[in-house]
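**Student:** Sequence below, structure please.
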Amino acid sequence: MNAAPARMALDQIPSAPTKGLAVGLTLPLDEFTAKPADGYAWKVAVQDQWRSCMARYGFKNFGPPQASDQAARAQADATMGRRYGVSDLDVAKKYGHHLPTDIKEPARWEPAPGAETAVFTGKGPELKGNTYAGKEVPQDGCRGETRRMFPVPQTPEAETVGVRVFDETKSDPDVLKAFAQWSSCMKGKGYQQSHPLEDLRSLGIPVSSPTAGKEEIAHAVADVECKQQTDLIKVWNGKETEKQRKAIEQNAPKLTEERAAKDKNAAKAAQAYTVAGNR
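**Tutor:** Here you go, the predicted model:
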């Protein structure tokens with residue numbers, strides 16, 4: 001049997017955009033939220049434990065698709081890289097305002113009906129009491145066992161603060177000035193638009209199709225070119241950074257407590273990811 005390929009080192013998964021106008025950009029609250037590497041390590045650790053648990057009951061080929069390391073590497077470009085709207089000219093030229101389609105997470109998966117689902121969930125007529133094939137099944141099945149072993153590294157308080165601060169930036173005088181400059185640039189390209197996050201459907205630009213049309217691509221290219229010309233993303237990110245620092249000071253106790261729990265859960269998943277990869 002061939003050995004499984006070595007797992008990617010988690011530090012190879014970027015936490016900031018790797019291309020476009022937002023390359024390298026971060027925010028202070030990033031310290032308090034789960035990074036792409038955290039989410040990826042958690043997914044892999046969970047899937048590993050599912051397989052290990054299910055194998056105890058004879059399901060040797062339990063088959064959730066592997067989490068995508070490509071998708072994990074692209075996550076920063078899809079989040080911070082789109083925080084202020086499309087920011088990568090090459091992507092705009094190919095995909096318009098759509099997210100790139102060349103890197104995808106695995107398709108949604110469900111266990112096979114019958115005994116496999118019963119052992120996985122801990123519910124089903126195939127179980128005798130709380131046993132299967134003479135072995136006790138954990139509460140809520142292998143899924144429940146895994147959930148207790150690897151809690152999600154989540155940070156709802158930090159995310160709530162981040163959303164509130166982001167909304168505040170939209171009325172900041174410096175950001176509004178940058179919006180006006182960007183809007184003037186867009187007007188020169190034939191588009192009447194007051195800010196980059198305006199609903200494009202209200203402008204008559206269709207964005208609901210599976211792929212971008214020529215009209216959408218032309219608008220997205222103009223959008224990025226005007227952001228570059230006016231330095232909009234740098235200005236916007238700078239003001240958001242200032243406001244996030246203040247918000248962190250104001251919410252320090254809750255954020256610090258939440259970060260500690262997140263770090264603990266992320267570290268446990270990362271350890272499992274690394275140990276399994278070294279077997």
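**Student:** which stretches of the chain form helices?
**Tutor:** Assigned by DSSP state H, the helices in the chain fall at 36-55, 69-78, 89-95, 115-121, 141-149, 156-169, 173-188, 214-230, 232-250, 252-277.
**Student:** least reliable of those helices going by mean pLDDT?
**Tutor:** Among the helices of the chain, helix 69-78 carries the lowest mean pLDDT, a mean of 91.
**Student:** buried stuff in that helix?
**Tutor:** Buried residues in helix 69-78, counted by 16 or more other C-beta atoms under 10 Å: 69, 71-77. (Each C-beta comes from the backbone N, C-alpha and C, glycine too.)
**Student:** same thing with stretch 247-260?
**Tutor:** Across stretch 247-260, burial judged by 16+ other C-beta under 10 Å covers 247-248, 251, 255, 258-259.
**Student:** what do you get for stretch 123-133?
**Tutor:** Neighbour counts over stretch 123-133 (16+ other C-beta under 10 Å) mark 124, 127, 132 as buried.
**Student:** same deal with stretch 173-192?
**Tutor:** By neighbour count on 16+ other C-beta under 10 Å, the buried set for stretch 173-192 is 175, 178-179, 181-183, 185-186, 191.
**Student:** Same list, the helices of the chain, but as a markdown table with distance to Asp102 please.
**Tutor:** Listed next are those as a markdown table, based on distance: least, C-beta to C-beta, whole Å:
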| stretch | distance to Asp102 |
| --- | --- |
| helix 36-55 | 17 |
| helix 69-78 | 9 |
| helix 89-95 | 9 |
| helix 115-121 | 32 |
| helix 141-149 | 31 |
| helix 156-169 | 28 |
| helix 173-188 | 28 |
| helix 214-230 | 16 |
| helix 232-250 | 24 |
| helix 252-277 | 25 |
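**Student:** Show me the one of those helices that comes nearest Ile103.
**Tutor:** helix 69-78 (4.8 Å; C-beta to C-beta).
**Student:** contacting residues around that closest one?
**Tutor:** Outside helix 69-78, the residues that touch it by C-beta atoms under 8 Å, 6 or more residues apart in numbering are 8, 12-20, 36-37, 39-40, 88, 99-100, 103-105.
**Student:** Now the buried members of those residues.
**Tutor:** Neighbour counting by 16+ other C-beta under 10 Å classes 8, 13-14, 16-17, 20, 36-37, 39-40, 88 among the contacts of helix 69-78 as buried.
**Student:** returning to what we had before: of the buried residues of stretch 123-133, which belong to strands?
**Tutor:** Taking DSSP state E, the ones among the buried residues of stretch 123-133 that sit in strands are Tyr132.
**Student:** In JSON lines, list the buried residues of stretch 123-133 along with distance to Ala45.
**Tutor:** Formatted as JSON lines, the buried residues of stretch 123-133 follow (distance: C-beta to C-beta, whole Å):
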{"residue": "Gly124", "distance to Ala45": "26"}
{"residue": "Leu127", "distance to Ala45": "26"}
{"residue": "Tyr132", "distance to Ala45": "24"}
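**Student:** hang on, the earlier thing: what's the closest of the buried ones among the contacts of helix 69-78 to Thr26?
**Tutor:** Checking those against Thr26 with C-beta to C-beta, the nearest one is Ala16 at 5.1 Å.
**Student:** who's in contact with the closest one?
**Tutor:** Taking C-beta under 8 Å, 6+ apart, we find Ala16 in contact with 23-26, 76, 80.
**Student:** ok, and the closest non-adjacent residue to Ala55?
**Tutor:** Counting by C-beta to C-beta, 6 or more residues apart in numbering, Phe62 is the residue found nearest to Ala55 once chain neighbours are left out, at 7.0 Å.
**Student:** Please consider this matter closed, and thank you.
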